[in-house]
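Asker: after the sequence you'll find the predicted model.
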Amino acid sequence: MIFVQSEDFVVADEYQRLASDNQDGAIVTFVGKVRDFNEGLGIQGLSLEHYPGMTEKVLNDIEAQARQHWPLNKVTIIHRFGDLSLGEQIVFIGVTSPHRKAAFAACEFLIDFLKTRAPFWKKERTNAGSKWLDAKASDDDHAQQWSEKLPK
Amino acid sequence: MIFVQSEDFVVADEYQRLASDNQDGAIVTFVGKVRDFNEGLGIQGLSLEHYPGMTEKVLNDIEAQARQHWPLNKVTIIHRFGDLSLGEQIVFIGVTSPHRKAAFAACEFLIDFLKTRAPFWKKERTNAGSKWLDAKASDDDHAQQWSEKLPK
Amino acid sequence: MIKVLFFARLREQLATDSLQLAVTENMTTEHIRQQLAQKGATWAQVMSADTLLVAVNQEITDWSHSVNSGDEVAFFPPVTGG
Amino acid sequence: MIKVLFFARLREQLATDSLQLAVTENMTTEHIRQQLAQKGATWAQVMSADTLLVAVNQEITDWSHSVNSGDEVAFFPPVTGG
């Protein structure tokens, strides 16, 4: 299930939804939060812009790719947009699988490709003004490395 | 924090405890459940035996190793013992880090080493009687593979 | 006509979130880019950025993708979500 | 004296979860194993298993580890938690 929303999400509810099936031995979740990642600039939060329509399309496509590579049962992707404060949740990825290795790999694959493919843009609001964040080369590297380690 | 207990755990509470720090951008959790992994034998559940004292020692040691390899903030490991029914939660691993790659790697490292080092033993209860599970060679392989992929 | 969208830093630099553009036969994303670059100095600069990305009908594509009337073409910088 | 513990399948096969054993100077985990193997046919079989693991004072070790009075020695099969 894909959700692109401004409202916050509740991890407990998402976990409940994922964990309802006795066929799944493994549940892996990832949550990304707004963190104080700048060098003492007094970050207040982020403004997240997205491309409505395309975002959902890309996330559905990424989920479909993950399902081709690993035996997954449930997949949840939630990404927020709008103004978020320091410490707020930005993104939730949850996957379930009979196999833990598949669950870990798929969850990491989903966030790696979300980061490099889904049309979201972060603007940081600090005490010194606001500023668009630059894409990180390391994120591209992480996505590219999957071409070598995907299961056949 | 390490908990070896017979009682169930509540993922929502564990997530809350992990997510309280604004320095952490990434929270990765793994939950392992009793699943119906046998071939139509009518599994009812598992009985988990452990070696009290040694279990806590091993889990603390595995956590310390993970902290040497990755920049982690909070780490929670919970493992249950006693009689568990189909669908019940067995194990929780949660880690937080400023970096998502560290959080994913550490969480997977912790469960891989828990599976091959922590003194727990599973006995399966089925309609046809109960039976100790054999260790899986694939679990040993997963733990061994870390020697090649640990960060320097 | 096509609909052209701009996002994030581009939207702010160009002070435009969308516009309509007339298209002729056999146009590509590259043609659209060049046409927009002629709207002024800021447009020229933004449209020549190495990192500029383009999507046609909500799919990322390259600069040789053909563009037809009714298409939705979007320009944006590298994504930074997650 | 040392305390010897048995877990899981071993505990069931031997119908014993713990026992006390007298130790002399310069004994190793291998000596303990051999001594226990002489307690009967089932013990001989269990103690000769390839997969048998041993821990001294709650740390997994090998068959050349020295064992001294007051130690806790545990025998068990490969672990299957998680």
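Answerer: Nice, I can see it. Residues are numbered from 1 along each chain as shown, chains lettered A, B, ... in the order given.

Asker: now do the contacts for the closest residue to chain B within chain A.
Answerer: Closest residue of chain A to chain B, C-beta to the nearest C-beta: residue A:12 (3.3 Å). All C-beta atoms are positioned from the backbone trio N, CA, C, and that covers glycine. Residues in contact with residue A:12 (C-beta atoms under 8 Å, 6 or more residues apart in numbering or on different chains) are B:11-12, B:15.

Asker: save these as JSON lines, and put in distance to residue A:94 too.
Answerer: Formatted as JSON lines, these follow (distance: C-beta to C-beta, whole Å):
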{"residue": "B:11", "distance to residue A:94": "11"}
{"residue": "B:12", "distance to residue A:94": "13"}
{"residue": "B:15", "distance to residue A:94": "11"}
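
Asker: list just the nearest of these to residue A:100.
Answerer: residue B:11 (15.9 Å; C-beta to C-beta).

Asker: near the closest one, how many other residues are there?
Answerer: 23 (other C-beta atoms under 10 Å in any protein chain shown).

Asker: from residue B:70, how far off is it?
Answerer: Separation of residue B:11 from residue B:70 (C-beta to C-beta, to the nearest Å) stands at 22 Å.

Asker: what stretches of chain A score poorly on pLDDT?
Answerer: Along chain A, the model assigns pLDDT under 70 to residues A:37-41, A:152.

Asker: closest approach to chain C from it, which residue is it?
Answerer: Closest point on chain A to chain C, by C-beta to the nearest C-beta, is residue A:120, at 2.6 Å.

Asker: who does that residue bridge with?
Answerer: For residue A:120, the beta-bridge partners are residue A:50 (DSSP bridges).

Asker: give me the phi and psi for the residue of chain A closest to chain B.
Answerer: phi -60, psi -40 (degrees, to the nearest 10).

Asker: next one: residue C:48
Answerer: According to degrees, to the nearest 10, residue C:48 has phi -100, psi 0.

Asker: show me what contacts it?
Answerer: residue C:37.

Asker: ok, now the one 4 residues further on?
Answerer: Under the criterion of C-beta under 8 Å, 6+ apart, the contact list for residue C:52 reads C:10, C:33, C:46, C:75, C:77.

Asker: and the third one, helix, strand or coil?
Answerer: Under DSSP: H, G, I helix; E, B strand; the rest coil, the three-state class of residue C:46 is helix.

Asker: spell out which residues of chain A are next to chain C.
Answerer: Residues of chain A lying close to chain C (C-beta under 8 Å from any C-beta of the partner chain) are A:32, A:48-51, A:53-54, A:57, A:79, A:90-91, A:111, A:114-123, A:132-136, A:139.

Asker: and residue C:49, that's in a helix?
Answerer: No: residue state for residue C:49 (three-state DSSP) corresponds to coil; a helix is not indicated.

Asker: how many other residues sit next to the closest residue to residue A:108 other than its chain neighbours?
Answerer: Nearest non-adjacent residue to residue A:108, counting by C-beta to C-beta, 6 or more residues apart in numbering or on different chains: residue B:104, 5.0 Å away. For residue B:104, the number of neighbouring residues by other C-beta under 10 Å comes to 24.

Asker: same check on residue C:22?
Answerer: 9.

Asker: I'd say it and residue C:3 touch.
Answerer: No: Residue C:22 is beyond contact range of residue C:3, at 11.7 Å (criterion: C-beta atoms under 8 Å).

Asker: which one is whatever residue of chain A ends up closest to chain D nearest to, not counting chain neighbours?
Answerer: Chain D sits closest to residue A:100 of chain A, with a gap of 8.1 Å, by C-beta to the nearest C-beta. Distance criterion C-beta to C-beta, 6+ apart; nearest residue to residue A:100, sequence neighbours excluded, is residue A:26 at 3.9 Å.

Asker: hmm, the one you found is touching residue A:96, no?
Answerer: Yes: using C-beta under 8 Å, residue A:26 is in contact with residue A:96, at 6.7 Å.

Asker: who has more neighbours, those two?
Answerer: residue A:96 (27 against 24).

Asker: in what helix or strand does the residue nearest to that one when sequence neighbours are not counted lie?
Answerer: Leaving aside its sequence neighbours, residue A:96 sits nearest to residue A:24 (C-beta to C-beta, 6+ apart; 4.0 Å). Counting by DSSP states H and E, residue A:24 is held by no secondary-structure element, helix or strand.

Asker: residues touching residue A:24, list them.
Answerer: Contacts of residue A:24 by C-beta under 8 Å, 6+ apart are A:73-74, A:96-98, B:33, B:35.

Asker: got it, and residue A:35?
Answerer: Counted by C-beta under 8 Å, 6+ apart, residue A:35 has contacts A:86-87, B:22-25, B:98.

Asker: please tell me how far it sits from residue B:107.
Answerer: 18 Å.

Asker: what packs against the longest helix that chain A contains?
Answerer: The helix that spans the most residues within chain A, counting by DSSP state H, is helix A:100-117. Of the remaining helices and strands, those touching helix A:100-117 by 3 or more C-beta pairs under 8 Å, 6 or more residues apart in numbering or on different chains; DSSP states H and E are strand A:26-33, helix A:54-69, strand A:75-80, strand A:89-97, helix A:137-149, strand B:26-33, helix B:100-117.

Asker: give me that answer again for 6 Å
Answerer: The contact analysis (3 or more C-beta pairs under 6 Å, 6 or more residues apart in numbering or on different chains; DSSP states H and E) places helix A:100-117 against strand A:26-33, helix A:54-69, strand A:89-97, helix A:137-149.

Asker: then the last one to CSV, C-alphas only?
Answerer: As requested, the backbone C-alpha atoms of helix A:137-149 are provided in CSV (Å, rounded to 0.1, in the frame of the first residue of the first chain):
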residue,chain,number,x,y,z
ALA,A,137,26.1,11.1,-4.5
SER,A,138,26.1,8.4,-1.9
ASP,A,139,22.4,7.9,-2.4
ASP,A,140,23.0,7.3,-6.1
ASP,A,141,25.8,4.9,-5.3
HIS,A,142,23.5,2.9,-3.0
ALA,A,143,20.8,2.6,-5.6
GLN,A,144,23.4,1.6,-8.3
GLN,A,145,24.9,-1.1,-6.1
TRP,A,146,21.7,-3.0,-6.3
SER,A,147,22.4,-4.0,-9.9
GLU,A,148,25.2,-6.2,-8.5
LYS,A,149,23.5,-7.7,-5.5
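
Asker: that one near chain B anywhere?
Answerer: No: figure legend: helix A:137-149 not in contact with chain B (C-beta under 6 Å from any C-beta of the partner chain); closest approach 6.9 Å.

Asker: what's the angle between that helix and helix B:100-117?
Answerer: Angle, helix A:137-149 to helix B:100-117, by axes from the mean of the first three to the mean of the last three C-alpha atoms, to 10 degrees: 40 degrees.

Asker: now do helix A:137-149 and helix A:54-69, the angle between them.
Answerer: In terms of direction (the same axes, to 10 degrees), helix A:137-149 departs from helix A:54-69 by 30 degrees.

Asker: and the shortest one, by the same measure?
Answerer: Strand A:26-33 runs at 150 degrees relative to helix A:54-69, counting by the same axes, to 10 degrees.
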